[in-house]
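Visitor: can't give you the sequence, but here's the structure:
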């Protein structure tokens with residue numbers, strides 16, 4: 001306590017405030033410390049569905065309560081999209097209601113990236129009927145639709161749920177889609193199939209109020225592929241397939257990864273988890289996040305901050321002692337991935353002797369008609385199953401050998417490359433300013449034209465390379481872990497005019513020597529200059545690289561002049 005002044009009558013009175021901590025429920029801090037925590041306390045986000053179905057869809061957009069509109073509706077996969085014509089310079093200036101269009105983005109949750117052709121066709125039909133044909137495959141295996149009217153949402157839900165799809169907790173402060181290996185259960189080299197655990201987590205916990213009020217979003221990944229194909233290092237929780245020398249195949253447990261404006265690579269807890277225990281361990285980790293997560297500041301409300309403060313040893317101890325009430329088995333780390341490409345693009349043999357064919361849409365941008373055609377093509381070539389990947393790609397499963405070339409040719413005719421160039425295969429882009437209220441620059445069209453330019457200028461370039469474009473600093477397209485990461489911002493052109501452009505990150509990586517890209521001081525390029533810049537850097541890489549040297553390794557040692 002502060003000392004009492006000798007002359008309290010003449011001394012200025014100081015306001016004494018009680019420190020309210022970080023808003024951790026486990027510490028007894030239940031009083032909401034910001035507006036988001038308040039609206040979640042006022043009403044669980046899952047409850048908004050009834051209001052959407054009975055009130056908002058009947059009375060229209062203007063009837064929606066603001067806390068539902070910009071808060072709870074996310075629990076059902078709905079975000080208002082950006083009003084057309086608002087430039088990036090106004091993104092951080094305008095009030096939310098000034099940015100809101102009267103249309104929504106709707107995110108269809110696709111756990112493990114698993115779809116039947118019937119489900120894909122329904123998404124395509126919904127896109128064409130209700131979403132102006134829009135459809136984007138995301139880097140978390142979901143499909144996003146735009147231009148959705150609130151009046152149409154109940155009908156869309158009915159059609160999705162009739163074929164086993166959902167938008168439940170696709171957004172919001174919830175356990176979002178559980179990403180998984182898109183070739184789980186079929187790949188020849190698989191260590192362990194995690195599909196059962198993904199299904200069990202969904203059955204037990206998704207849509208349950210047990211975990212519907214988290215400090216912020218919670219991202220999960222489960223894969224038994226030796227390709228390490230679910231970017232496990234940047235999820236809140238990840239189960240990575242490993243072979244235990246005594247207990248056999250299971251999962252290595254990682255926690256606390258994430259990107260955005262304060263990126264952190266997840267940490268291993270050193271624990272081996274058998275398949276049957278994955279749902280319980282998942283529930284223990286998300287329980288820690290719910291109870292101990294920081295709720296005071298949204299910028300510190302992700303699990304990665306708690307893990308960074310506690311460290312792996314304490315986190316594991318709390319998990320074992322308070323949530324599992326038993327010790328976990330120590331286990332080995334995963335081996336390095338067997339390939340530098342982890343997207344499953346191309347033609348690959350399955351365990352059963354059939355083949356799967358992975359293909360690359362342009363930066364994840366497709367449309368409803370194309371999705372329906374992919375479903376038709378898959379069925380015409382003997383398949384009833386398709387998959388999405390965390391690289392904005394898609395896969396057709398169960399193709400017999402005599403049907404492979406025919407399918408590849410049919411996909412190519414739809415501009416869906418099964419044997420793509422490095423640039424088509426390795427370029428991703430977030431939604432960008434076209435629809436996103438946080439974006440500053442356009443990304444999808446820019447990424448697509450960049451592919452065309454680089455294919456024309458560097459036709460012989462065949463090294464694995466990732467180029468990730470993001471419309472703002474929030475890293476939805478994983479800019480910090482790309483070979484060339486491009487963070488959208490406004491920059492000055494040669495005439496001194498403010499135009500769309502990018503800050504450049506170079507040499508990020510996941511899997512092989514995971515780490516964040518290097519930022520060269522002052523290195524920014526306008527959108528128009530982007531093809532020239534990337535060509536220049538790649539030509540220098542080709543000229544200076546050592547034998548077998550990856551781009552990320554070269555970029556970490558290259559001079560600033562070579563990277564400029």
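Guide: Looks like it arrived, so ask away. Bear in mind the structure is a predicted one, so any value in this text is a computation, not a measurement.

Visitor: any idea which helix or strand carries the most centrally placed residue in the chain?
Guide: Most central in the chain under C-alpha atoms, centre = their mean is residue 140, positioned 4.2 Å from the mean C-alpha point. Under DSSP states H and E, no helix or strand contains residue 140.

Visitor: which stretches of this protein have low pLDDT?
Guide: Judged by pLDDT under 70, the chain has its weakly predicted residues at 1-20.

Visitor: List the contacts of the residue nearest to the centre of the chain.
Guide: 176, 177, 179, 219, 390 (C-beta atoms under 8 Å, 6 or more residues apart in numbering). C-beta here means a position set from N, CA and C on the backbone, and glycine is covered the same way.

Visitor: Just put those residues in JSON lines and tack on neighbour count.
Guide: Shown next, in JSON lines, are these (neighbours: other C-beta atoms under 10 Å):
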{"residue": "176", "neighbour count": "23"}
{"residue": "177", "neighbour count": "27"}
{"residue": "179", "neighbour count": "29"}
{"residue": "219", "neighbour count": "20"}
{"residue": "390", "neighbour count": "24"}
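
Visitor: any chance of those in CSV, with distance to residue 561 and secondary structure too?
Guide: Output for the contacts of residue 140, formatted as CSV (distance: C-beta to C-beta, whole Å; DSSP: H, G, I helix; E, B strand; the rest coil):
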residue, distance to residue 561, secondary structure
176, 42, strand
177, 43, strand
179, 39, strand
219, 38, strand
390, 35, coil
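
Visitor: now, which of those residues sits nearest residue 259?
Guide: Nearest to residue 259 out of those is residue 219 (C-beta to C-beta; 10.1 Å).

Visitor: does residue 283 really touch residue 204, like I thought?
Guide: Yes. Using C-beta atoms under 8 Å, residue 283 is in contact with residue 204, at 7.5 Å.

Visitor: if you count what's nearby, which of the two comes out ahead?
Guide: Using other C-beta atoms under 10 Å as the criterion, residue 283 and residue 204 rank with residue 283 on top: 19 against 15.

Visitor: Please, which helix or strand holds that one?
Guide: Taking DSSP H and E as the definition, one finds residue 283 inside helix 278-292.

Visitor: My impression was that residue 539 belongs to a helix - is that right?
Guide: Yes. The assignment for residue 539 is a helix, going by DSSP: H, G, I helix; E, B strand; the rest coil.

Visitor: Which stretches in the stretch 351-500 of the chain count as strands?
Guide: Ranges of strands within the stretch 351-500 of the chain are 355-359, 365-367, 385-388, 394-399, 427-429, 467-470, 484-492, 498-506, based on DSSP state E, counting those that start in this stretch.

Visitor: And for the fourth one, what's in contact with it?
Guide: To tie it back to what came earlier, the one meant is strand 394-399. 137, 182-183, 186, 344, 350, 354-359, 361, 374, 377-378, 381-389, 407, 411, 416.

Visitor: same thing with the first one?
Guide: Counting by C-beta under 8 Å, 6+ apart, the neighbours of strand 355-359 from elsewhere in the structure are 183, 186, 343-350, 387, 389, 393-401, 404, 407-408, 411, 416-418, 420.

Visitor: Would you list the buried entries among these?
Guide: For the contacts of strand 355-359, a burial check counting by 16 or more other C-beta atoms under 10 Å picks out 183, 186, 343-348, 350, 387, 389, 393-399, 404, 407-408, 411, 416-418, 420.

Visitor: Quick check: the gap between residue 475 and residue 286.
Guide: Distance of residue 475 to residue 286, given as C-beta to C-beta, to the nearest Å: 22 Å.

Visitor: what does residue 364 give?
Guide: For residue 364 relative to residue 286 (C-beta to C-beta), the value is 28 Å.

Visitor: cool, residue 23 as well?
Guide: From residue 23 to residue 286 the distance is 17 Å (C-beta to C-beta).

Visitor: Looking at those two, which one has more neighbours?
Guide: Neighbour comparison, residue 23 and residue 286: the larger count goes to residue 286, with 24 against 21 (by other C-beta under 10 Å).

Visitor: hey, where'd the helices end up in the stretch 201-350 of the chain?
Guide: Assigned by DSSP state H, counting those that start in this stretch, the stretch 201-350 of the chain shows helices spanning 278-292, 303-310, 312-318.

Visitor: Tell me which other helices or strands the shortest one touches.
Guide: This points to helix 312-318. Using 3 or more C-beta pairs under 8 Å, 6 or more residues apart in numbering; DSSP states H and E, the elements in contact with helix 312-318 are strand 267-273, helix 278-292, helix 303-310.

Visitor: looking at the ones you listed, which is closest to residue 332?
Guide: The closest of the helices and strands packed on helix 312-318 to residue 332 is strand 267-273. By C-beta to C-beta, the value is 7.3 Å.

Visitor: Parallel or antiparallel, which strands does that closest one pair with?
Guide: Within its sheet, strand 267-273 is paired with strand 248-255 (antiparallel), strand 329-330 (antiparallel), according to DSSP bridges.

Visitor: could those strands be laid out in CSV, adding distance to residue 56 and mean neighbour count?
Guide: Below are the strands paired with strand 267-273 laid out as CSV (distance: least, C-beta to C-beta, whole Å; neighbours: other C-beta atoms under 10 Å):
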stretch, distance to residue 56, mean neighbour count
strand 248-255, 37, 23
strand 329-330, 49, 12
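
Visitor: closest one to residue 534 among the ones you listed?
Guide: Nearest of those (C-beta to C-beta): strand 248-255, 31.8 Å.

Visitor: So what's the gap between the helix holding residue 283 and the chain middle?
Guide: Centre-to-centre, helix 278-292 and its host chain are 20 Å apart (C-alpha atoms, centre = their mean, to the nearest Å).

Visitor: Just name whatever secondary elements that helix is in contact with.
Guide: Helix 278-292 packs on helix 195-205, strand 218-223, strand 237-244, strand 248-255, helix 303-310, helix 312-318, going by 3+ C-beta pairs under 8 Å, 6+ apart.

Visitor: can you list contacts of that helix?
Guide: The contact list for helix 278-292, computed with C-beta under 8 Å, 6+ apart, reads 24-27, 175, 194, 197, 200-201, 204-205, 211, 213-215, 218, 220, 222, 236-237, 239, 251, 253, 255, 271, 273, 303, 306, 315, 318-319, 322-324, 328.

Visitor: How about stretch 549-556?
Guide: 340, 463-465, 483-484, 506-509, 512-513, 515, 517-518, 538, 541, 544-546, 563.

Visitor: do the same with stretch 421-429
Guide: Residues contacting stretch 421-429 (C-beta under 8 Å, 6+ apart): 139, 341, 343, 345, 360, 362-365, 391-392, 417, 443-444, 446-447, 450-451, 454-455, 458-459, 461-470, 477-478, 482-483.

Visitor: just the buried members of these?
Guide: For those, a burial check counting by 16+ other C-beta under 10 Å picks out 139, 341, 343, 345, 360, 362-365, 391-392, 417, 443-444, 446-447, 450-451, 454, 458, 461, 464-470, 477-478, 482-483.

Visitor: Go through the residues you listed and flag which are in helices.
Guide: Secondary structure from DSSP state H places 444, 446, 447, 450, 451, 454 of those in helices.

Visitor: Rebuild the residues you listed as CSV, extending it with distance to residue 164.
Guide: Formatted as CSV, these follow (distance: C-beta to C-beta, whole Å):
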residue, distance to residue 164
444, 29
446, 36
447, 32
450, 37
451, 34
454, 40
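
Visitor: Tell me where the stretch 101-250 of the chain has strands.
Guide: For the stretch 101-250 of the chain, applying DSSP E, counting those that start in this stretch gives strands covering 114-116, 134-137, 143-148, 175-180, 218-223, 237-244, 248-255.
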